[in-house]
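Peer 1: how would this look folded up:
(one chain, ligands or ions: 1)
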Amino acid sequence: MRQIYLDYAATTPADPRVIECVRTALDAEGDFANPSSAHRPGRNALARVDEARRQVADRIGADPREIIFTSGATEANNLALKGLAARHPAGHIVTSAIEHSSVLDVCAALEQNGHAVTRVAPDAHGAITTQAVMDALRADTFLVSVMHANNETGVINDLAAIAQVCRERGIAFHSDAAQSLGSQPLDMQSVPLDLLSLSAHKVYGPKGLGALFVRRRAGLELAPLLHGGGQERGLRPGTLATHQIAGFGMACALLGDADEVRRITALRDRLQQGIVALGDVQVHGSGERLPGHLNVGFGGVRGETLLRALDGLAVSQGSACHAASMRPSHVLEAMGVSGELAQASLRFSLGRFTTEAEIEAAIALLARVLPALRSRG
Ligand code: PMP
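Peer 2: Numbering: from 1, shown residues only. Predicted coordinates for the structure are as follows:
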C-alpha cells in the first residue's frame with residue numbers, strides 16, 4: 001500500500017539539491033579527498049567543508065569557528081553535557097522532564113557518577129517556563145539544558161528568556177534544537193546561548209551528521225568524548241565526512257523560506273481541524289508550536305490497535321526512538337496526560353514534500369477507521 005508519510009519529526013527525505021551536493025563530494029571526479037591533506041584535492045575538500053561550516057553558522061547567526069561537526073544531535077548532546085560535566089565534578093545540572101532520551105539518558109549517567117540533576121516539569125501547555133527553570137537553580141548549578149522545541153508536541157520554549165537568566169548567573173546554557181532548526185529563526189548573536197545541538201536529517205540533509213555550536217568564551221572548554229587526530233579543534237577527532245558536511249551545509253542554505261513555513265502551517269491546521277471534527281480527541285500541546293507538528297490523543301480507542309488499523313499512514317506513537325518499547329510517552333506523562341490516552345496518541349508531522357492531497361487522504365482514512373475502532377471499545 002502506498003504510504004502517506006507524516007513523520008517528518010522522525011526524519012526527512014533528503015532534498016534533491018542536497019543529494020546532488022553530497023554526490024559531488026564522494027566520487028573520483030568530486031571532492032572526495034581527505035580535507036586534512038595538504039595537496040590540492042585535499043584543499044578543495046577543505047574548501048567544501050569550510051563553505052558548509054559557514055552555511056550552518058549563518059543559519060544560526062554564529063561564527064563558523066563555533067561549529068563542531070558531529071555524527072548527529074545525539075552526539076552533540078552527549079558532547080555538550082558530558083564535555084562540560086567533566087570540568088565540573090559533582091556539580092548540579094537543571095534539565096527538563098520532556099527532553100529527548102539523548103539528553104535524559106546522559107543526565108541519568110552523570111547522576112550515577114556523582115552529579116546532581118533536577119528535571120523541570122512542563123506547564124499545562126507542554127512548555128518549560130523560565131520561572132520553573134529559575135526555581136530549580138542552586139548555588140552549584142553549572143549547566144542548564146532545555147530543548148528549543150519538543151519532538152513529540154512541537155511546543156516551543158522561550159530560549160532567549162532562559163538563556164538570559166543563565167547568563168546573568170554565570171551558568172552555561174545548552175539547548176537541543178534538532179527539531180526547531182528547520183523552521184525557527186535562531187540567532188546566536190542576540191540569544192546568549194552557550195551550546196546548541198543540531199541534526200542534519202531533520203532538515204532534508206543526510207543522516208549521520210549534526211553539529212554542536214560552542215560559543216567562544218572563557219569557561220566553556222569542553223572535554224572531548226573521543227581522542228585522536230585533533231580535528232574540529234580537538235573536540236571531535238576523525239576524518240571529516242566531507243559529503244555529509246557539504247550536504248548539511250546545503251540543507252541549511254535551503255532553509256528559511258517563509259512561504260514554505262506558511263504552507264506547512266496551513267496544512268497542519270487543516271489536518272488538526274479535520275481530526276478535531278471526528279470528536280472525542282485531545283490535541284496535546286498548545287501555545288507556540290512548530291508549524292508541522294500535531295500530537296493528538298484519540299478517546300475511546302485502544303493504543304495497540306490504533307497504529308495497526310492505520311496501515312498506510314506513516315505516523316509515530318510518541319517519538320520514533322521509543323517506538324519499540326510501547327511505554328507511554330514520557331512527554332505526555334509529564335504533561336499530565338493519562339497513560340491510557342497517551343497510548344492512544346499519535347504524532348503527525350508534516351514537511352517540505354507534504355501535499356494537500358496527502359492531508360485530505362489522511363483525514364479520510366481516520367474518518368473511516370476511527371468509528372470502527374471505537375465501536376470495538
Ligand atoms: N534531539 C531531538 C529533540 C530529536 O528529535 C532527535 C531525533 N529524534 C535527536 C535529538 C537525535 O538526533 P540524531 O538522530 O541526529 O542523533
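
Peer 1: close to the ligand, is the helix or strand where Ala161 lies?
Peer 2: In this structure, Ala161 is located in helix 159-169 according to DSSP states H and E. No. Contact between helix 159-169 and the ligand is absent, the nearest approach being 13.5 Å (criterion: CB under 6 Å from any ligand atom). C-beta here means a position set from N, CA and C on the backbone, and glycine is covered the same way.

Peer 1: ditto for stretch 233-242
Peer 2: No. Taking CB under 6 Å from any ligand atom as the criterion, stretch 233-242 and the ligand are apart, separated by no less than 13.3 Å.

Peer 1: what is the burial count for Gly228?
Peer 2: Around Gly228 sit 11 other residues, with neighbours defined as other CB atoms under 10 Å.

Peer 1: contacting residues around it?
Peer 2: The contact partners of Gly228, taken as CB atoms under 8 Å, 6 or more residues apart in numbering, are Pro237, Gly238.

Peer 1: if we can go back for a sec, what are the buried residues along the helix holding Ala161?
Peer 2: Taking 16 or more other CB atoms under 10 Å as the neighbour-count basis, helix 159-169 is seen to contain the buried residues Leu159, Ile162, Ala163, Gln164, Val165, Cys166.

Peer 1: and the helix or strand that contains Gly297, what other elements does it pack with?
Peer 2: Taking DSSP H and E as the definition, one finds Gly297 inside strand 293-298. Identification of packing neighbours for strand 293-298 by 3 or more CB pairs under 8 Å, 6 or more residues apart in numbering; DSSP states H and E yields helix 258-276, strand 281-283, strand 345-349.

Peer 1: please name the nearest non-neighbouring residue to whichever residue of the stretch 1-150 of the chain sits closest to the ligand.
Peer 2: Distances from the stretch 1-150 of the chain to the ligand, computed as CB to the nearest ligand atom, single out Gly72 as the nearest residue at 2.7 Å. Counting by CB to CB, 6 or more residues apart in numbering, Gly210 is the residue found nearest to Gly72 once chain neighbours are left out, at 4.0 Å.

Peer 1: who does that neighbour bridge with?
Peer 2: Thr70, Ser199 (DSSP bridges).

Peer 1: got the domain boundaries for the protein?
Peer 2: Following automatic domain parsing, one finds the domains of the chain at 4-12+257-376, 16-253.

Peer 1: dump those domains into JSON lines; add mean pLDDT as well.
Peer 2: Below are the domains of the chain laid out as JSON lines (pLDDT from 0 to 100):
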{"stretch": "domain 4-12+257-376", "mean pLDDT": "92"}
{"stretch": "domain 16-253", "mean pLDDT": "97"}
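
Peer 1: what's the most buried one of these?
Peer 2: Most buried of these by mean neighbour count (mean count of other CB atoms under 10 Å) is domain 16-253; its value is a mean of 20.

Peer 1: how about the residue positioned nearest the centre of the chain, what does it touch?
Peer 2: Note on the chain: the residue nearest the mean C-alpha position is Ala178, at 2.3 Å, using CA atoms, centre = their mean. Contact criterion CB under 8 Å, 6+ apart gives Ala73, His100, Met147, Asn151, Ser197, Leu198, Ser199, Lys202, Gly210 as the residues in contact with Ala178.

Peer 1: do a quick rundown of the helices in the stretch 1-150 of the chain.
Peer 2: Secondary structure of the stretch 1-150 of the chain (DSSP state H, counting those that start in this stretch): helices at 16-23, 40-59, 73-85, 101-112, 130-136.

Peer 1: between the ones you listed, which one is nearest to Leu255?
Peer 2: The closest approach between Leu255 and any of the helices of the stretch 1-150 of the chain, judged by CB to CB, belongs to helix 40-59 at 6.0 Å.

Peer 1: now the angle from the closest one to helix 16-23?
Peer 2: Computed with axes from the mean of the first three to the mean of the last three CA atoms, to 10 degrees, the direction of helix 40-59 lies at 150 degrees from that of helix 16-23.

Peer 1: need the residues of the stretch 1-150 of the chain near the ligand, please.
Peer 2: If contacts are counted using CB under 6 Å from any ligand atom, the residues of the stretch 1-150 of the chain sitting beside the ligand are Gly72, Ala73, Thr74, His100, Ser102, Met147.

Peer 1: can you redo the residues you listed as a markdown table with distance to Thr239?
Peer 2: Listed next are those as a markdown table, based on distance: CB to CB, whole Å:
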| residue | distance to Thr239 |
| --- | --- |
| Gly72 | 17 |
| Ala73 | 21 |
| Thr74 | 20 |
| His100 | 28 |
| Ser102 | 24 |
| Met147 | 30 |
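
Peer 1: picking that back up, distance to His92 added to the helices of the stretch 1-150 of the chain, as CSV?
Peer 2: Putting the helices of the stretch 1-150 of the chain into CSV (distance: least, CB to CB, whole Å) gives the following:
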stretch, distance to His92
helix 16-23, 41
helix 40-59, 31
helix 73-85, 10
helix 101-112, 10
helix 130-136, 9
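
Peer 1: and of the ones you listed, who's closest to Leu365?
Peer 2: Across those, the minimum distance to Leu365, taken as CB to CB, is reached by helix 16-23, at 27.9 Å.

Peer 1: from the chain's centre, how far out does the closest one sit?
Peer 2: Helix 16-23 has its average C-alpha position 22 Å from the chain's average C-alpha position, going by CA atoms, centre = their mean, to the nearest Å.

Peer 1: ok, residues contacting it?
Peer 2: 14, 30, 204-206, 243-244, 246-247, 249-251, 254.

Peer 1: switch the cut-off to 6 Å
Peer 2: For helix 16-23, contacts defined as CB atoms under 6 Å, 6 or more residues apart in numbering pick out Tyr204, Gly205, Pro206, His243, Ala246, Gly247, Met250, Ala251.

Peer 1: could you do stretch 272-292 as well?
Peer 2: By CB under 6 Å, 6+ apart, the list of residues contacting stretch 272-292 from outside reads 8, 125-127, 149, 153-156, 183, 261, 264-265, 268, 294-300, 332, 349-351, 363, 370.
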